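S.K.: Generate a structure from the sequence data that follows.
(chains A and B)
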Amino acid sequence: MALPLLYNVRSVAQRPIATLATAVGVGLTVTIFIGALALAAGFGRALRSTGSPDNALVLRKGADSEISSGVSREAVNILRAHPAVAVAADGRPLATADLVVVTTKERRGQPGSSNVTVRGVDPAAIGVRADARIVEGRMFQPGSDEVVVGHRVVSRFARCELGDKIVFGQRSFSVVGHFEAGGAAYESEIWGDAAVLGPALDRDNVFQTVTFRMKDPAGFDALKRELEADPRLQVQLKRESAFYAEQTKLFTRLVTGIGVFITLIMGIGAVFGAANTMYAAIGARTREIATLLVLGFTPGAILISFVFESLLISLLGGVIGCLLALPLNGITTSTTNFQSFSELAFAFQVTPGILLAGLLASGVMGLVGGFLPALKASRQPLAAALRGG
Amino acid sequence: MTPDALLRLLVPLAVLAAIPLSLWAVARLSDRFQRHLALSPVALVFANLSRNKLRTLLTTLSVTVALFLYCALSGVLDTLNESIKVGSMSRLVTRNAISLIFPVPWSYRDRIAAIPGVKRVAVQNWFGGQDPKDPRNFYAQFAVDDEFYRIYANDVEIIEASPPQVAGVVPAGQDPKLAAYFQEQTAAVVGRKLMEKMGWKLGQTVTVNGTIYPGTWEFTIRAVYAAKQKSFGEEVLFFPFRYLDQRGLQGGKRVGIYVLELTDADRAPAVQQQVDDLFRNSAAATRTESEQAFQAGFVSMYGNIPFVLRVISLAMVFAILLVAANTMMMSMRERLAEFGVLKTLGFTDATVFGLVLGEAAVITLGGGVLGALLAKFLIEWSGFNFGGFLPPMTVYWSTVFAGIGIAFLMGAVSGLIPAWQASRLQIVQALRPGD
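M.R.: All right, here's what the predicted structure looks like:
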């Protein structure tokens, strides 16, 4: 017969301070674990939400990032005229040849500087990236010395407010708008007209990438084969969404790896704490447990009962950990995306799945920490236990 | 798995296995120790600790774990800070003002060299190639000119070199061991650590796939260097700039950065200003800064990561503090009657206070010293260096001592409440049966 769960709940409630101290120990571990996963998830989301599966991204053969890529003007013209490129209502191809360069900008409100991606786009094809929209000010005028700044850049870098001037090479550009792109990596960029930025940045006849909307996104594989085999182009083709998703791998692996490592080590500490608490709890109830055994509860039932008690404490800790980690959600942080060599701002993403993983981790800590004490409880020598006190 | 890698795996495991053993030995020793000291308070502390050996062990180990992580994370932060201090103040770096991605024209070289106070100008260019077998197996390659080796002569030492094919004279002021390297366009000088990591041999030809400079590039390893300054990475491949120039730059001779050696460090601010003024209105404006500031720029790229690490180490110390305090309180509560007996025997409140506090201190200090030392030796021994981006990770003695200090503080805080409770305990109350 199994022991009623209420027995454990009550006995946990009997020593609130010890329970709470153990639970908070487990909880903090869970918080760190969730924090690391949320960081990785946020970074991943920023990049994964960048780019559409309907768009194709063209890079030079062998290039592993936009900045190391280069596509000649001739190749751009060939691509634009390709029948697979979707056409806007006004008859222009929905294709933009981008100039992507990394510039160094001073940070705002703190010393030091970091890298910001500047993207020269084709103003006529701004519709290719449907999710970008102006939140303040207006779009840059084609052919003018104007730029728009991603809203995440504004808060982190100096001189990006409307009306401020940004100098590239020998030319000064004025900021006329701030834009937003649904949390995508574009929000960490500065956009201007490729035709004006090119000469200013000393990039006249070469673009970094071409992005175009496909008429038939399902025919991507055939299109890829065709364009990559074209000797005039010397390019590789990727789905825009896949290109950005690839960039998340390195960072996600790194952060998840560090997070798991720290959690593992902290978890060992928390497991020791849980084991200590359970040993003490069982030690204080030696006679009580012996009585239960005499009454006919099997050692197995006792084992399960005390593992459950440990689980209860650690799950309480897991809940505390989740609650502590929840405020992290949405906090913006930034780090350098080494694939684009520029800073990417993103928000911690505490998803239900991550919370569940945190609870699971706390459960595992409880099981591991509670097993040996529970085993000890279930194997008490009866006579000694009943006599002693 | 190479024997070396196996060793690297086995030794930490052995050390980890040694911990419980040594603790057991300490426990045995303390038994003997007690017999000598009879009822002195010190003996009592050890007697109490060895009463529930498992609990003492678990608590000590959790403190060990906490201090290990604390010292390891501090080590990361210190290493980040240390990499800012790389380089001498008498060296400047000139790069394109827009960003590092943009090159600087070759023509600037002689104009910079003509500025008073500039002793030498070297060229350094990021190559960004990939290992064709495994693109994720990243290491850095730089194209550098001959002057580079003169500027860094005091930072690196050539430990192995091929003999030159033709007996020749090396350029003035150069290490004669580099003779073979200077004679060959496709030669390379490779760091010792990188050689070990990739299993390369001197004289071997290695292949790199260019990303910025397309094509398959082959280099023959003609010399191996070791860093004399810890901050100079040992996982880098250097090859002659003229090879890159002829094959990769397609006529437009431009370089990534110029490294300037000054006649004396005091002139740095003046030279910095002069260089940037010289090119202010040219096609490519420059930004000149000390080598240190240049490196600091890379660290600043890590964004908030250092702050996050700080928060994590604090959260951890706090979590373990809770564990230790909880244990102390539990063990005290179990021994109420004993404290009553001690007081009946004439132990003062202050002694009882000291007994409990001492017990906490032994646990946290023992665990703390162990964890901090483990971090120091294991991490430095493993030579972890973030894939060559940073100097090898170091845990300073100051961090070790700070860690032990924290452990001591943990002991004080976790022992304080139980100690206070025990010292205030009334004998009658303590000896009352059944609680």
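
S.K.: Check what pLDDT the nearest residue to residue B:210 once chain neighbours are set aside gets.
M.R.: The shortest distance from residue B:210 to any non-neighbouring residue, by CB to CB, 6 or more residues apart in numbering or on different chains, is to residue B:129 (5.2 Å). From N, CA and C alone the C-beta is placed, and that goes for glycine too. With respect to pLDDT, residue B:129 scores 87.

S.K.: count of residues packed around residue 371?
M.R.: As the question left the chain open, I've gone with chain A. 17 (other CB atoms under 10 Å in any protein chain shown).

S.K.: My question was about chain B, not that one.
M.R.: Close neighbours of residue B:371, defined as other CB under 10 Å, add up to 29.

S.K.: Phi and psi next, for the residue nearest to residue B:210.
M.R.: Note on residue B:129: backbone dihedrals following degrees, to the nearest 10 are phi -90, psi 170.

S.K.: correct me, but it touches residue B:209?
M.R.: Yes: Residue B:129 lies in contact with residue B:209 (CB atoms under 8 Å); the separation is 5.9 Å.

S.K.: Endpoints of stretch A:232-244, how far apart?
M.R.: Start-to-end span of stretch A:232-244 (CA to CA, to the nearest Å) is 26 Å.

S.K.: and if you look at stretch B:218-237?
M.R.: Terminal residues of stretch B:218-237 are spaced 12 Å apart (CA to CA).

S.K.: Buried ones in that stretch, by neighbour count?
M.R.: B:219-225, B:227, B:231-237 (16 or more other CB atoms under 10 Å in any protein chain shown).

S.K.: do the same with stretch B:425-435
M.R.: Buried residues in stretch B:425-435 (16+ other CB under 10 Å): B:425, B:430, B:431.

S.K.: would you list those residues in a markdown table and tack on distance to residue A:175, secondary structure and pLDDT?
M.R.: Listed next are the buried residues of stretch B:425-435 as a markdown table, based on distance: CB to CB, whole Å; DSSP: H, G, I helix; E, B strand; the rest coil; pLDDT from 0 to 100:
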| residue | distance to residue A:175 | secondary structure | pLDDT |
| --- | --- | --- | --- |
| B:425 | 71 | coil | 83 |
| B:430 | 74 | helix | 79 |
| B:431 | 79 | helix | 79 |
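
S.K.: so what's the residue nearest to residue B:329 when sequence neighbours are not counted up against?
M.R.: With CB to CB, 6+ apart as the criterion, residue B:329 has its nearest non-adjacent residue at 5.0 Å, and that residue is residue B:418. Applying CB atoms under 8 Å, 6 or more residues apart in numbering or on different chains to residue B:418 gives the contacts B:325, B:328, B:329, B:331, B:332, B:356, B:360.

S.K.: Out of these, which is nearest to residue B:214?
M.R.: Using CB to CB, residue B:325 comes nearest to residue B:214 of the contacts of residue B:418, at 61.9 Å.

S.K.: Excluding chain neighbours, give the residue nearest to that closest one in space.
M.R.: Distances taken as CB to CB, 6+ apart put residue B:414 closest to residue B:325, at 3.6 Å, once the chain neighbours are dropped.

S.K.: go on, residue B:263?
M.R.: Distance criterion CB to CB, 6+ apart; nearest residue to residue B:263, sequence neighbours excluded, is residue B:119 at 4.9 Å.

S.K.: and residue B:143, how many neighbours?
M.R.: Neighbourhood size, residue B:143 [other CB under 10 Å]: 24.

S.K.: okay but it is in contact with residue B:127, surely?
M.R.: Yes: at 5.7 Å, residue B:143 counts as touching residue B:127 under the criterion of CB under 8 Å.

S.K.: Mutual contacts of these two, please.
M.R.: Common neighbours of residue B:143 and residue B:127 (CB under 8 Å, 6+ apart) are B:239, B:244.

S.K.: now residue B:238: how far from residue B:292?
M.R.: Residue B:238 is 21 Å from residue B:292, where distance means CB to CB, to the nearest Å.

S.K.: Equivalent analysis for residue A:289, please.
M.R.: Noted for residue A:289: a distance of 65 Å to residue B:292, by CB to CB.

S.K.: which of the two has more neighbours?
M.R.: The neighbour comparison of residue A:289 against residue B:292 (other CB under 10 Å) goes to residue A:289, with 21 against 18.

S.K.: The residue nearest to residue B:329: helix or strand, and which one exactly?
M.R.: Residue B:418 belongs to helix B:397-424 when assigned by DSSP states H and E.

S.K.: List the buried residues for that helix?
M.R.: Quick answer for helix B:397-424 (16+ other CB under 10 Å): B:399-400, B:403-404, B:406-407, B:410-411, B:414-416, B:418-419, B:421-423.

S.K.: With stretch A:260-274 instead?
M.R.: Result for stretch A:260-274 [16+ other CB under 10 Å]: buried residues A:262, A:263, A:265, A:266, A:267, A:268, A:269, A:270, A:271, A:272, A:273, A:274.

S.K.: you'd agree the fifth one is up against residue A:363?
M.R.: No: Residue A:267 is not in contact with residue A:363 according to CB under 8 Å; the separation is 11.6 Å.

S.K.: Close to chain A: what parts of the stretch 51-200 of chain B are there?
M.R.: Residues of the stretch 51-200 of chain B lying near chain A by CB under 8 Å from any CB of the partner chain: B:52, B:54-55, B:58-59, B:61-62, B:65-66, B:68-69, B:97-102, B:128, B:130, B:135-136.

S.K.: So which of these are in helices?
M.R.: B:54, B:55, B:58, B:59, B:61, B:62, B:65, B:66, B:68, B:69 (DSSP state H).

S.K.: how about the CA coordinates for the helix or strand containing the residue nearest to residue B:263, as PDB?
M.R.: Following DSSP H and E, the helix or strand that holds residue B:119 is strand B:118-126. Extracted as PDB, the C-alpha positions of strand B:118-126 are listed here (Å, rounded to 0.1, in the frame of the first residue of the first chain):
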ATOM      1  CA  VAL B 118      57.600  56.200 -35.600                       C
ATOM      2  CA  LYS B 119      60.300  53.700 -35.600                       C
ATOM      3  CA  ARG B 120      58.800  50.900 -37.700                       C
ATOM      4  CA  VAL B 121      55.600  50.200 -39.500                       C
ATOM      5  CA  ALA B 122      54.300  46.600 -40.000                       C
ATOM      6  CA  VAL B 123      51.400  45.300 -42.000                       C
ATOM      7  CA  GLN B 124      48.900  42.900 -40.600                       C
ATOM      8  CA  ASN B 125      46.000  41.500 -42.600                       C
ATOM      9  CA  TRP B 126      43.200  39.200 -41.400                       C
END
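
S.K.: Buried residues, that strand. List them.
M.R.: B:118, B:120, B:121, B:122, B:123, B:124, B:125.

S.K.: Isn't the last one up against residue B:141?
M.R.: No: between residue B:125 and residue B:141 there is no contact, the gap being 9.5 Å when judged by CB under 8 Å.

S.K.: Report the residue ranges of every domain in chain A.
M.R.: Using automatic domain parsing, the domains assigned to chain A come out as A:5-48+A:247-387, A:55-213.

S.K.: what pLDDT, on average, does the longest one get?
M.R.: When you say that, I think you mean domain A:5-48+A:247-387. Here the average pLDDT along domain A:5-48+A:247-387 is 87.

S.K.: how about the strands in the chain?
M.R.: Went with chain A since none was named. Along chain A, counting by DSSP state E, strands occupy A:55-60, A:71-72, A:95-106, A:113-121, A:133-137, A:146-150, A:165-168, A:171-180, A:189-193, A:206-207, A:209-213, A:235-239, A:332-337, A:342-347.

S.K.: if you could check chain B rather than the one you did, that'd help
M.R.: B:91-96, B:104-105, B:118-126, B:140-144, B:156-161, B:187-191, B:205-210, B:215-227, B:236-240, B:254-255, B:257-262, B:286-290.

S.K.: Mind putting those strands into CSV with mean pLDDT?
M.R.: Listed next are those as CSV, based on pLDDT from 0 to 100:
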stretch, mean pLDDT
strand B:91-96, 91
strand B:104-105, 90
strand B:118-126, 93
strand B:140-144, 93
strand B:156-161, 90
strand B:187-191, 93
strand B:205-210, 91
strand B:215-227, 92
strand B:236-240, 94
strand B:254-255, 88
strand B:257-262, 93
strand B:286-290, 89
